[in-house]
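>>> turn this into a structure:
(2 chains)
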Amino acid sequence: MQNLNVLSAQWVAPTVDYHGLAPELVVAGGLCLVLILDLFIDERKKWLLSIISSFTLLAAMIPIITLALSETSVRSMFGDRYVVDNFSLVMKGVFLLAGYVVVLLSSSHVEEGEYWRGEYWFLLLSSLLGMLMMTSSRDLVSIFVALEFLSIPAYMLAAWRKRDPKSNEAGVKYFMLGVFASAVMLYGMSLLYGVTNSTLLVDIAATTTATGDFAAVQVLAVVFVIVGFAFKVSAVPFHTWAPDTYEGAPAPVTAFLSVASKAAGFVALVVLIYTAFPLAQDIWQPFIWVLSALTMTVGNVLALKQKNIVRMIAYSSISQGGFVLMPLAVAGMAGSGSSALRSVVLYMIIYAATNLGVFGVILAVSRKTRSGEVSSFGGLFSYAPTLGVLMTLFLASLAGIPPLGGWIAKFAAFQSLLQSQSTWGYALAVIGAVNSVIAFGYYGNVMREIWMRPVPDGDTTPIQIPGSLSLALGITSVATLTFGVLPGVALHFADLAEIAGAIIR
Amino acid sequence: MNMLRDNNWVLSVGTFLPMLGVVVMMLMPKAQDQAVKFVALVTSIATLAVGIFTAMNFDFDQAEKMQFVAETKWISVIKSSYLIGVDGISLPLYLLSMVITLLVVIYSLDHLPNPGKPKAFFSLLLVLQTGMAGTFIAQDLILFFVFFELVLLPMFFLIGVWGGEQRQYASIKFFLYTMFGSALMLVAFLALFFKTGAESFSIPYLIENGGSIAKNVQIWIFAGMFVGFAVKVPMFPFHTWLPDAHTQAPTQGSVILAAVLLKLGTYGFVRIALPILPIAAREWAPYIGGLAVIGIIYGALGCLAQSDMKRLIAFSSVAHMGFVMLGISTLTSFGINAAMFGMVAHGLITGMLFFIAGSVKERYHTLEISKIGGMLTQMPRLGWIFGFCCMASLGLPGLAGFWGEFPAILSTYNPAAGLNVTVYRVFMVIAALGTVLAAAYLLWLYQRIAFGTPKNNSHDEHSAQEELHDVTTHEWLAWSPLLIGILVLGIMPNLLFSVFDPAVQVTLSVFGG
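Alright, predicted model coming up:
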């Protein structure tokens, strides 16, 4: 009966907080501009589109900053279904900056390929818009819309090199498994709605527990929703799409998928855990514990035997995902909720900077070697010392070696595990510690190629790096180093990132 | 009156000055090899100058107190701060790292190993120096950890790029072992942090509060630290990376590895593990002592079996570090003083032996003991220096080695209260046997290499004569400070003991006297 009342109620136009929506609006405006200009602009001037895209993303940073400085710390819209809080602002900032670096990585790649450029920028901006929406969605429906908004352009981006069968395979595989995951998740969501009679996350929170009347259904619902996002963040055993998609997609797109798209999955997961399932920790904690342990171990072990650099980085990013999940496995325990959230956000910030840097170097090197093999990095240091040193720094950061960014990310994750002072936490910390050692096996292998092996074909002509790529490398390397030496910088943002209405502390 | 905080900039400058040199080198255009060497030399001289300034302003009457303390906010969210300072335990090791780096730079000026690349080589040396110096001054566990790890990558590349035939295998083995240890060590640090109320990572704070942790928890936390430090020392059975790393590393790498890097582990025991977790230390001490004597005997037997001179010296390190750990395991001020002295002495002597091994390799193009002979007739000066170092290494009274080894053995006669005296006396007997074995392998090594008639492997008589030149100027410059140090410390050991002792007493106060 209640539902009928809602339907029959007078329609009231929602009040829209345009300041709160400004970042999304700027990006939406930018992507329309790109789409329209693409129709009229001369083929030789298409490079303008990449400039417009990058400026759009930078312009969208301005409202983020004004929002962060404004008095109102939480802006809630559409009946609390869309919330701009500190968490969403920090993550929006991460997505916009990561998107900006991806634009920089892409521009020379896109210009030199013989494919449709306008669509590339349009799709990229659309996907980013979906990510921005994801950070603020606090309702099952808006989460789902945001998820599809960010995923569908990404499927097309993966298949963007349409004359290349591998790229097609990448797109199709990503699409099929992505849609499958969406279906599973949607099923979970429908169960949740059936049980709680609401799609609003805070309403769901009140009733979803492992005990009580609907226990079995609720377990199923929570697990299905988490499985849906486990696909998105390529957690083992839902990772099978990732290596093929990463290898086949154009390299800048892979960078985008492995950083931004993955982070969007984590954002949704975190929001759900903190605002929708805070009382159901008995369901998701063991589940995430297993996912995390499996993800980092399997990802690492498979990465060890990869010969293709992008495939190796794909498995490495799977394993890094396991480290991001790690603190969530104890997030429901007393006292570790806020530190788990902090370490997840911190990990995403630092991982974004470092992994984009890795792709920057891969792109630069493949311009000369035209190869994706790990062995194509042989002797890099002898003819391109800067790239060699940068790649070493990025890989060392991924491996978590101080004083590079990655160490503080791993450290914070371990810290929140141990903060729970539970056997589960200690056990996962030891698994994580062992895994971070295994990971050096393959990161070290690339370093070995760079520093200690001869150049495979003896061709030591220096590598020409386009300006935009150098800028991207500059940004990512400065970020990686700064976060490592002065971890306070990144930790400050991660610490700010509190989800409004989160119940776990 | 804030005497202990005066001049609080000196430690930071001394630690990070090498990084300035690295930045300058990075900005220099290519193919400026001479300029790169010049910058490296100037930087390391300046660093040592700051170090000497530190020592001159160090108040030796209060060597038990932390001096030149500086504290700044660093990572306030996780309650870690940039807290540095030196006391009588840190200062000698801090200076040792600076001296060794300078000498290695001098030696490298005309002994750059293949494949050259001076810019990268000297940059890595200087980064390494920052890491080593930083580890000895850090008074915050997280800061300690960062510096402790900072030495890993440069050493990995020094071995892997400039090393011998098996360099890639050796470098990755070195890295994985150390990283495994430090990963567990980090988990132990974090557990310690939470068990002391999640207040601070500062070592003085933890020393104050660590003792109240429950016994079985302490034992586990100690286990994590033990693995981290024991890999670095290296103690038996974690030592297997060491012979490979030493054998494959370039001379410079071996010298730094032996002289300073191994001390990071033993220093960690004395500075962190023992004072913070006294109850666990007492429980673990007999096992540490047991592993230490196994290391002594195993290292010595390993030495007797080697046919490669450098590998032999590497195994002798295992034995010598065994004496250091044996001294630490007694938990007495006598034993730990001996251990501290042993660290410095081993740094000087084994560093010197690796220098000699490098020069031998350069002249004979081999380190196979059976292919070398009659060094005293071919190169008398090098031969005598080598003899001097062998004598120092086997613990001849009057040279530095004696004061590390003999008191360590003596201290096991009377271990700290609560430790099983019988067990320690058994250790004492075995360790004493170890010194006999040490004399055996070192004298045998010296006999085979220096005595007898020269073995002619070269087809070309003339070029062989050219190659076998005696000690060069650069070598004299790099070696004489070490040789003088070995002699001076051997005659006047109190120079060091008087610095160590007050700080060691303070460290041991957690054990109740």
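>>> surely B:E165 and B:Q248 touch.
Yes - judged on C-beta atoms under 8 Å, B:E165 makes contact with B:Q248 at a distance of 7.3 Å. Every residue, glycine included, has its C-beta placed from N, CA and C.
>>> how about the residues of the stretch 101-250 of chain B near chain A?
B:117, B:120, B:142, B:145-146, B:149-150, B:152-153, B:156-157, B:160-161, B:167-168, B:171-172, B:175-176, B:179-180, B:183-184, B:186-187, B:190-191, B:193-194, B:198 (C-beta under 8 Å from any C-beta of the partner chain).
>>> run a quick neighbour tally on A:G113.
Neighbours of A:G113 under the rule other C-beta atoms under 10 Å in any protein chain shown: 16.
>>> and for B:E199?
12.
>>> against B:S80, how distant is it?
For B:E199, the distance to B:S80 equals 11 Å [C-beta to C-beta, to the nearest Å].
>>> what do you get for A:A494?
Using C-beta to C-beta, which is the criterion applied here, A:A494 is 15 Å from B:S80.
>>> one step back: could you check which of B:E165 and B:Q248 has the larger neighbour count?
The neighbour count for B:E165 versus B:Q248, taken as other C-beta under 10 Å, is higher for B:Q248 (25 against 9).
>>> ok, that one touching B:I159?
Yes - the pair B:Q248 and B:I159 passes the contact test of C-beta under 8 Å, sitting 5.9 Å apart.
>>> spell out which parts of chain B neighbour chain A.
Neighbours of chain A within chain B, by C-beta under 8 Å from any C-beta: B:73-78, B:117, B:120, B:142, B:145-146, B:149-150, B:152-153, B:156-157, B:160-161, B:167-168, B:171-172, B:175-176, B:179-180, B:183-184, B:186-187, B:190-191, B:193-194, B:198.
>>> one more time with 6 Å, if that's ok
Proximity of chain B to chain A, by C-beta under 6 Å from any C-beta of the partner chain, involves residues B:75, B:77, B:146, B:149, B:153, B:157, B:160-161, B:168, B:172, B:179-180, B:183-184, B:187, B:190-191, B:194.
>>> report the buried members of those.
B:75, B:77, B:146, B:149, B:153, B:157, B:160-161, B:168, B:172, B:179-180, B:183-184, B:187, B:190-191 (16 or more other C-beta atoms under 10 Å in any protein chain shown).
>>> ok so, going back, the residues of chain B next to chain A in strands, which ones?
Among the residues of chain B next to chain A, the ones falling in strands (DSSP state E) are B:I75.
>>> flag the shaky bits of chain B, pLDDT-wise.
When residues are selected by pLDDT under 70, those of chain B lie in B:1-6, B:31, B:456-467, B:512-513.
>>> and if we set it to 50?
For chain B, applying pLDDT under 50 flags the ranges B:1-3, B:513.
>>> quick one: the strands in it, in order.
Using DSSP E, strands in chain B cover B:67-75, B:80-86.
>>> ok, chain A next?
Ranges of strands in chain A, per DSSP E, are A:75-77, A:82-84.
>>> out of those, which comes closest to chain B?
Within those, the stretch nearest chain B is strand A:82-84; the backing value is 23.5 Å (C-beta to the nearest C-beta).
>>> which other residues reach that closest one?
Applying C-beta atoms under 6 Å, 6 or more residues apart in numbering or on different chains, the external contacts of strand A:82-84 come out as A:20, A:75-76, A:136, A:138, A:500.
>>> again, only this time at 10 Å
By C-beta atoms under 10 Å, 6 or more residues apart in numbering or on different chains, the residues outside strand A:82-84 that reach it are A:14, A:16-17, A:19-24, A:63-64, A:67, A:70, A:72-77, A:88, A:92, A:133, A:135-139, A:142, A:146, A:201-202, A:271, A:275, A:499-501.
>>> now B:G265: closest residue in space, sequence neighbours ignored.
Sequence neighbours aside, B:K232 is the residue nearest to B:G265 in space, at 3.1 Å (criterion: C-beta to C-beta, 6 or more residues apart in numbering or on different chains).
>>> near the one you found, how many other residues are there?
28.
>>> swap in B:D33?
B:D33 is flanked by 15 other residues according to other C-beta under 10 Å.
>>> which residues touch residue 98?
No chain specified, so I'll use chain A. Contacts were defined as C-beta under 10 Å, 6+ apart; by that measure A:A98 touches A:57, A:128, A:131, A:255-256, A:259-260, A:263, A:348-349, A:351-353, A:355-356, A:476.
>>> actually chain B
By C-beta under 10 Å, 6+ apart, the contact list for B:M98 reads B:14-15, B:17-18, B:44-45, B:47-52, B:54-55, B:129, B:132-133, B:260.
>>> again with A:Y442
A:Y442 neighbours (C-beta under 10 Å, 6+ apart): A:300-306, A:312-313, A:315-316, A:319, A:374, A:395, A:398-399.
>>> next: B:V270.
Here B:V270 is in contact with B:89-90, B:93, B:229, B:263, B:324, B:327-328, B:336, B:339-340, B:343, B:500, B:503-504, B:507-508 (C-beta under 10 Å, 6+ apart).
>>> now B:K195
A:418, A:421, B:206, B:209-210, B:212-214, B:217-218, B:220-221.
>>> of those, which is the most crowded?
Most neighbours among these, by other C-beta under 10 Å: A:L418, with 26 neighbours.
>>> hmm, that residue is touching B:L190, no?
Yes - counting by C-beta atoms under 10 Å, A:L418 touches B:L190, with 4.5 Å between them.
>>> what touches both of the two?
Counting by C-beta under 10 Å, 6+ apart, the shared contacts of A:L418 and B:L190 are A:429, B:198.
>>> for the nearest residue to A:F483 once chain neighbours are set aside, give me phi and psi.
Excluding the flanking residues, the one nearest A:F483 by C-beta to C-beta, 6+ apart is A:G405, at 3.6 Å. Dihedral pair for A:G405: phi -40, psi -50, per degrees, to the nearest 10.
>>> is A:G405 in contact with A:L346, as I believe?
Yes - between A:G405 and A:L346 there is a contact at 9.5 Å, judged by C-beta under 10 Å.
>>> show me which of these two is the more surrounded one.
Neighbours were counted for A:G405 and for A:L346 using other C-beta under 10 Å; A:G405 has more, 33 against 29.
>>> local confidence estimate at that one?
A:G405 carries a pLDDT value of 89.
>>> which of the contacts of B:K195 sits closest to B:A450?
Nearest to B:A450 among these, counting by C-beta to C-beta, is B:I221 at 48.7 Å.
>>> okay, the closest one and A:Y426: tell me how far apart.
11 Å.
>>> ditto for B:L482
Note on B:L482: its distance to A:Y426, by C-beta to C-beta, is 46 Å.
>>> got it, and B:C390?
48 Å.
>>> thinking again about what came up before, out of the contacts of A:A98, which end up buried?
Buried among those by 16+ other C-beta under 10 Å: A:57, A:128, A:131, A:255-256, A:259-260, A:263, A:348-349, A:351-353, A:355-356, A:476.
>>> you'd agree A:T207 is up against A:G194?
No - between A:T207 and A:G194 there is no contact under C-beta under 10 Å: 11.5 Å.
>>> counting neighbours, go ahead and name the busier of the two.
Neighbours per residue, other C-beta under 10 Å: of A:T207 and A:G194, the larger number sits with A:T207, 17 against 11.
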